[in-house]
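Visitor: Mind folding the following:
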Amino acid sequence: DKACDLVSSISRWLDEPLSDGSLIPTYLLSSFVRQHVKVALGGDGGDEIFAGYPMYFGHRLAKIYEKLPSLIRKSVIEPLVYSLPVSTRNLSFDYKAKRFVSASEYDLVARHHLWFGSFSLKEQELLLNRDILQHTDGDIYEIARQSLKDCDAIEEIEKTQFLDMKFYLAEDILAKVDRASMAVSLEVRAPMLDWRIQEFVAKLPLKYKLRNGSGKIILKNAMKKYLPAEILNRPKKGFGMPIARWLNGSLRDLVDDLLNPARLKRQGFFNEQFVQRLIEEHRSGKASHHKQIWTLLIFQLWFDEFLV
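Guide: Sure, this is the predicted structure:
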């Protein structure tokens, strides 16, 4: 199966276990582009500097949500959200709603990372074996909290933009594009990251970037005379793949092989019973644990490539 072969080959060009699912379409697109050019331009950095991610507006909604009476949140809204039918679509409504309410009780830094990440804080405690938990430093977001001391922004959304530029963009997005494109000898440049653009946009008030739930305001206004309205105003679409369905289909045997209880027990990193529960719930349709399972799968592929 092509999907299984492609996923299995990822570890050959990843020197760290990067579990961003858009690695695959980035690699496929790079392979196509490389047939025509040696250097390409990418749009990376635009969402971070122009506040294009839905999570930025989500933080405003979270501030409103946390002001609701606890009885309404805990007894009405959250049970209703958790009862939504499970969808295998990438970033489906039920997935986003459940992520929103599950992270709403945390502070800004933790909430932002939990929306982006694979495992909730409770899941992290269940996943990692006791010996590993004993060697953790407690607050896994301490580095992010410390980095905010270098940020002089007042708006919370601008603080999360700062975090995304420093961590998500630098250590995920750019790393992903570099690995996937250079795997086929394609160079990708990011003109949005020109320091002059960065400095200019960083000085702008937030209202020029995010308004009424819509991001990239000033960029869209600048492009009005060059792009049709259907392009400017269409909803943001992630660069995802049907990973949730693949895990139950073409990647099923790979999951069973790399995440089987005996293997996990030998490694000593993860609680094999918890991992099996994630897999069983995902396959039964009880929940969509595709981000968690995919993250573990990529780790195992990387582990076999570099540490065995």
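Visitor: Can you give me the domain boundaries for the chain?
Guide: 1-21+241-308, 23-66+104-124+137-239 (automatic domain parsing).
Visitor: Can you check which of the ones you listed gets nearest to Lys96?
Guide: Among the domains of the chain, domain 23-66+104-124+137-239 comes nearest to Lys96, with 7.9 Å by C-beta to C-beta. Placement of C-beta: from N, CA and C, glycine included.
Visitor: Show the end-to-end separation of that closest one, please.
Guide: 9 Å (C-alpha to C-alpha, to the nearest Å).
Visitor: need the domains of the chain in CSV with mean pLDDT, can you?
Guide: Listed next are the domains of the chain as CSV, based on pLDDT from 0 to 100:
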stretch, mean pLDDT
domain 1-21+241-308, 92
domain 23-66+104-124+137-239, 93
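Visitor: So which elements touch the helix or strand Trp246 falls within?
Guide: Taking DSSP states H and E as the criterion, Trp246 maps to helix 243-248. Where contact means 3 or more C-beta pairs under 8 Å, 6 or more residues apart in numbering; DSSP states H and E, helix 243-248 is packed against helix 272-284, helix 290-306.
Visitor: Same list (the domains of the chain) but as JSON lines, adding distance to Ala97.
Guide: JSON lines is the format used below for the domains of the chain (distance: least, C-beta to C-beta, whole Å):
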{"stretch": "domain 1-21+241-308", "distance to Ala97": "12"}
{"stretch": "domain 23-66+104-124+137-239", "distance to Ala97": "11"}
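Visitor: so which of the ones you listed comes closest to Val81?
Guide: Here domain 23-66+104-124+137-239 is closest among these (C-beta to C-beta), at 10.3 Å.
Visitor: Which one of the helices and strands packed on helix 243-248 lies nearest to Leu232?
Guide: helix 290-306 (30.2 Å).
Visitor: quick one: contacts of the closest one?
Guide: 7-8, 10-12, 14-19, 21, 88, 118-119, 123, 127, 243-244, 247, 251, 254-255, 258-259, 263, 267, 270, 275, 278-279, 282 (C-beta atoms under 8 Å, 6 or more residues apart in numbering).
Visitor: and with 7 Å instead?
Guide: Applying C-beta atoms under 7 Å, 6 or more residues apart in numbering, the external contacts of helix 290-306 come out as 8, 10-12, 14, 17, 19, 21, 118-119, 123, 243-244, 247, 254-255, 258-259, 275, 278-279, 282.
Visitor: for that helix, which positions count as buried?
Guide: Judged by neighbour count using 16 or more other C-beta atoms under 10 Å, the buried positions of helix 290-306 are 290-303, 305.
Visitor: ok so, going back, and the domains of the chain: which comes nearest Asp94?
Guide: Here domain 1-21+241-308 is closest among the domains of the chain (C-beta to C-beta), at 7.9 Å.
Visitor: re earlier: ok, and what's touching the helix holding Trp246?
Guide: Counting by C-beta under 7 Å, 6+ apart, 3, 21, 88, 255, 282-283, 288, 290, 293-294 sit against helix 243-248.
Visitor: could those be laid out in JSON lines, adding distance to Pro79?
Guide: Shown next, in JSON lines, are the contacts of helix 243-248 (distance: C-beta to C-beta, whole Å):
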{"residue": "Ala3", "distance to Pro79": "36"}
{"residue": "Gly21", "distance to Pro79": "29"}
{"residue": "Thr88", "distance to Pro79": "23"}
{"residue": "Val255", "distance to Pro79": "31"}
{"residue": "His282", "distance to Pro79": "22"}
{"residue": "Arg283", "distance to Pro79": "25"}
{"residue": "Ser288", "distance to Pro79": "18"}
{"residue": "His290", "distance to Pro79": "23"}
{"residue": "Ile293", "distance to Pro79": "26"}
{"residue": "Trp294", "distance to Pro79": "28"}
